[in-house]
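**Q** Build me a model from this:
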Amino acid sequence: MCQSNRLGAQCLREHGATACTDLTGFGLLGHLVEMTRPSGVDAELDLTALPVLEGAQETSAAGILSSLQPANVRLRRALRNQQDALIHPRYALIFDPQTAGGLLASIPAERAEACLDALRALGRGGAGGRPPPPRLRPGGGQAAGGPAPPGKGGKRASPGETPPPRC
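**A** Residues are numbered from 1 along each chain as shown. Got it, this is the predicted structure:
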């Protein structure tokens, strides 16, 4: 919402993006599911580390939500750990369609850190600084949301490493 995606999209292409979408009407979860299901992988998000605009969490907690929010909440069935995610203060924000086009991209694992460094150098670190990339593992296109597992600190899994199950 704060800057154009032009430089970010160019950087993603330069680092071998295999898929990319702007996070608009379906919110983060909707677009993440759209990208993971066809690939047969699951994603794990650290909700605490997600960058959000100042006041977004408080506004959501006050029940001030987009009119599209209820339609997007149907995607909660894609969450592997709905009960854990439901109590997180940023839970409602993963369904929020008011993201105005932040980018969600798939980058080859061996290029992900270099891509994140390049994005940060361009000032594209997200509203909260440096969000950890979602961790992917073989699965059926589900997502786990909540704080990072103990001892992981939101660190991306190494290629070939299977992150511990979340639920």
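**Q** from memory Leu32 sits against Ser106, does it?
**A** No - if you go by Cβ atoms under 8 Å, Leu32 and Ser106 don't touch, sitting 10.4 Å apart. Glycine gets a C-beta too; all of them are placed from N, C-alpha and C.
**Q** Strands of the protein, residue ranges please.
**A** Ranges of strands within the chain are 19-23, 41-46, 102-106, 135-138, 143-146, based on DSSP state E.
**Q** isn't Asp42 right next to Arg80, touching?
**A** Yes - between Asp42 and Arg80 there is a contact at 6.9 Å, judged by Cβ under 8 Å.
**Q** Look at the two and report which has more neighbours.
**A** Ranked by neighbour count (other Cβ atoms under 10 Å), Asp42 and Arg80 place Asp42 first, with 24 against 18.
**Q** Residues in a beta bridge with that one, which ones?
**A** Counting by DSSP bridges, Asp42 is bridged to Arg137.
**Q** and Cys20, how many residues sit next to it?
**A** For Cys20, using other Cβ under 10 Å, the count is 17.
**Q** between Leu32 and Ser106, which one's more packed in?
**A** The residue with more neighbours, out of Leu32 and Ser106, is Leu32; 25 against 20, by other Cβ under 10 Å.
**Q** mind checking how far the residue in the chain sticking out farthest from the centre is from Gly55?
**A** Ranked by distance from the centre of the chain (Cα atoms, centre = their mean), the top residue is Ala62, with 22.8 Å. Remark: distance between Ala62 and Gly55 (Cβ to Cβ, to the nearest Å) = 10 Å.
**Q** Next: Leu7.
**A** 26 Å.
**Q** out of these two, which sits in the busier spot?
**A** Each of Leu7 and Gly55 has its neighbours counted (other Cβ under 10 Å); Leu7 has more, 14 against 9.
**Q** Quick one: mean pLDDT over the lengthiest helix in the chain.
**A** Longest helix in the chain, counting residues (DSSP state H): helix 109-121. Averaged across helix 109-121, pLDDT comes to 90.
**Q** residue boundaries of the helices in this structure?
**A** Under DSSP H, the chain gives helices at 6-14, 27-36, 56-61, 69-73, 82-86, 109-121.
**Q** If you count neighbours, what's buried in the fourth one?
**A** Buried residues in helix 69-73, counting neighbours by 16 or more other Cβ atoms under 10 Å, are found at Gln69, Asn72, Val73.
**Q** Many thanks, have a good one.
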